[in-house]
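Asks: Quick one, structure for this:
(one chain, ligands or ions: 1)
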Amino acid sequence: MSTNTVVTLNRTIPSGAPTLQDFKVASGSAPSKGELKTGEILVRTLYLSCDPYMRGRLSGRTDSYVASFEAGKPIDGLGVGVVEASASSDFKEGDMVTGPTFKWATRFITSAAGLTKIPSSSGVPPAYFLGVLGMPSFTAYVGTITLCKPKAGETILVSAASGAVGQIVVQLAKARGLRVVGAAGSDEKVQHIKDLGADAAFNYKTVKSLDSAIKEAAPKGIDIYFDNVGGEFLDVALKNMKPNGRIAECGMISQYNATAESAYHIQNLAYVVMKKLTIYGFIVSDYYSTPAYSEFINEVSGMLKENKIKYKMDEISGLENGPQALLDLFEGKNFGKRIVKVSEPSHRL
Ligand SMILES: NC(=O)c1ccc[n+]([C@@H]2O[C@H](COP(=O)([O-])OP(=O)(O)OC[C@H]3O[C@@H](n4cnc5c(N)ncnc54)[C@H](OP(=O)(O)O)[C@@H]3O)[C@@H](O)[C@H]2O)c1
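Replies: Purely as a prediction, here's the structure:
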């Protein structure tokens, strides 16, 4: 019988930074075909996705759009894997699948509902379905295109612009003729944003003043701010918005580990009225059943085929390194879309 590595949560962490001690990585026996109930499949994991929204799921909170992980149980998230055995009419052995219900385990049994088959004709590496053709990229599309409706000549500011979502925001906006300004937390990341086509980019950790850096990069102001980080960056962006500007409120990673004492309090919210701003809070999962999803797939797969899109992945090997790979996101230690490689497509474990 093959062994199975599983990552479980030791305790929920309502605030502050989680640590490696909050997770347990253990090996046991793998689930077998004989345990399958009707409608279930046995999946071998190839890749798992590390995503900032998982911090909310570590918190134990009950008022979110997504359920918290439970202490003592495996964590789960987006992944790509191979069906090893099936008791579902929708999948057969050997199918490649993706979806949001991947246990952080080498092998696991799950309901087939909610997983999607990756066609063998897709012609792209399976990990693309966690990045450029997956949730982060669609998030960029929804926030930038569906909600903020950019027009050529406008200026867009993007925070965490070298990350999983940000890299796509930069390129979708550039393809529509916007002036693109990106910010990130290292000089290497800033160079990457420029390589993606941004007109200006800065390292928000080393600039003397965030306000001056934004003003220098966008002297006439910001039409659209794609917010990935919240906190002080959002506060300063509010000050630099043009009248009738739009904000895609995608995420606030700077606040995910905040405590009551360290939480940043926004001071410039009055500009929402004074500048008649629109702030679009959104969750990408609400948009998969809308026309935006096929628009996104058509546009981004077309750009991929024509080599008109770049996307940096950041792969960590080994499920045992999964917890650290996830925690790194909250310290900016990832560079591009962070994934964990669990097994090889062709390997028997
Ligand atoms: N609304 C939705 O449906 C949806 C869907 C997906 C993602 N999101 C949100 O989108 C944002 C980006 O996600 P992603 O997957 O693209 O992550 P990512 O950018 O690939 O990785 C996270 C990045 O956030 C930055 N960061 C970390 N701690 C920070 C802090 N204290 N202050 C400022 N920046 C910090 C770091 O970049 P630097 O080195 O540049 O600081 C880090 O590399 C997150 O807020 C996430 O929650 C929302």
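Asks: Quick check: the gap between the closest residue in space to Pro52 that isn't next to it in sequence and Met96.
Replies: Ranked by CB to CB, 6 or more residues apart in numbering and with sequence neighbours excluded, the top spatial neighbour of Pro52 is Ile253, at 5.0 Å. Yep, even glycine has a C-beta here, placed from its N, CA and C like the rest. According to CB to CB, to the nearest Å, Ile253 and Met96 sit 30 Å apart.
Asks: Quick check: phi and psi on the residue nearest to Pro52?
Replies: phi -60, psi -30 (degrees, to the nearest 10).
Asks: That one touches Gly230, doesn't it?
Replies: Yes. With contact defined as CB atoms under 8 Å, Ile253 reaches Gly230; the gap is 7.1 Å.
Asks: Any idea how far stretch 38-48 is from the middle of the chain?
Replies: With CA atoms, centre = their mean, to the nearest Å as the basis, stretch 38-48 stands 21 Å off its chain's centre.
Asks: neighbouring contacts of stretch 50-58?
Replies: 9, 12-13, 18, 22, 64, 66-69, 75, 77-78, 135-136, 164, 251, 253, 256-257, 322, 325-326, 328-330, 334, 338-340 (CB atoms under 8 Å, 6 or more residues apart in numbering).
Asks: what does the stretch 101-250 of the chain put close to the ligand?
Replies: 136, 139, 160, 162-166, 184-186, 189, 228-229, 250 (CB under 6 Å from any ligand atom).
Asks: ok, the closest residue to the ligand within the stretch 101-250 of the chain to Met135 distance?
Replies: Closest to the ligand within the stretch 101-250 of the chain is Gly163: 1.8 Å, counting by CB to the nearest ligand atom. Relative to Met135, Gly163 is positioned 13 Å away (CB to CB).
Asks: The two: which is more packed in?
Replies: Taking neighbours as other CB atoms under 10 Å, Gly163 and Met135 compare with Gly163 leading, 30 against 23.
Asks: Give me the nearest residue to that one, chain neighbours excluded.
Replies: Asn228 (6.7 Å).
Asks: what about the one you found, neighbour count?
Replies: Neighbours of Asn228 under the rule other CB under 10 Å: 27.
Asks: OK, contacts around it?
Replies: With contact set as CB under 8 Å, 6+ apart, Asn228 has these partners: Val158, Ser159, Ala160, Ala161, Gly163, Val165, Gly166, Cys250, Gly251, Ile253.
Asks: List only buried entries from those.
Replies: The neighbour-count test (16 or more other CB atoms under 10 Å) marks Val158, Ser159, Ala160, Ala161, Gly163, Val165, Gly166, Cys250, Gly251, Ile253 as buried among the contacts of Asn228.
Asks: Next one: the second one, what pLDDT does it get?
Replies: It refers to Ser159. For Ser159, the pLDDT comes out at 98.
Asks: Could I get the full set of strands for the stretch 101-250 of the chain?
Replies: 107-111, 116-118, 155-158, 179-184, 200-203, 222-227, 241-249 (DSSP state E, counting those that start in this stretch).
Asks: would you list those in CSV and tack on distance to Leu130?
Replies: Below are the strands of the stretch 101-250 of the chain laid out as CSV (distance: least, CB to CB, whole Å):
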stretch, distance to Leu130
strand 107-111, 17
strand 116-118, 11
strand 155-158, 20
strand 179-184, 21
strand 200-203, 25
strand 222-227, 20
strand 241-249, 21
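Asks: what residue is smack in the middle of this protein?
Replies: Nearest to the mean C-alpha position of the chain, counting by CA atoms, centre = their mean, stands Pro136 at 4.2 Å.
Asks: For that residue, which non-adjacent residue is spatially closest?
Replies: The shortest distance from Pro136 to any non-neighbouring residue, by CB to CB, 6+ apart, is to Ala164 (3.6 Å).
Asks: how deep is the one you found tucked in, by neighbour count?
Replies: Ala164, neighbours per other CB under 10 Å, totals 31.
Asks: doesn't Lys337 make contact with it?
Replies: Yes. Contact criterion CB under 8 Å: Ala164 and Lys337 qualify, at 4.0 Å.
Asks: Overlap in contacts, these two.
Replies: Gly131, Pro136.
Asks: any low-confidence regions in the chain?
Replies: The chain contains residues with pLDDT under 70 at 1, 347-349.
Asks: domain parsing for it?
Replies: 3-130+312-341, 135-303 (automatic domain parsing).
Asks: Looking at the buried ones among the contacts of Asn228, which is nearest Pro219?
Replies: Closest to Pro219 out of the buried ones among the contacts of Asn228 is Val158 (17.5 Å), distances taken as CB to CB.
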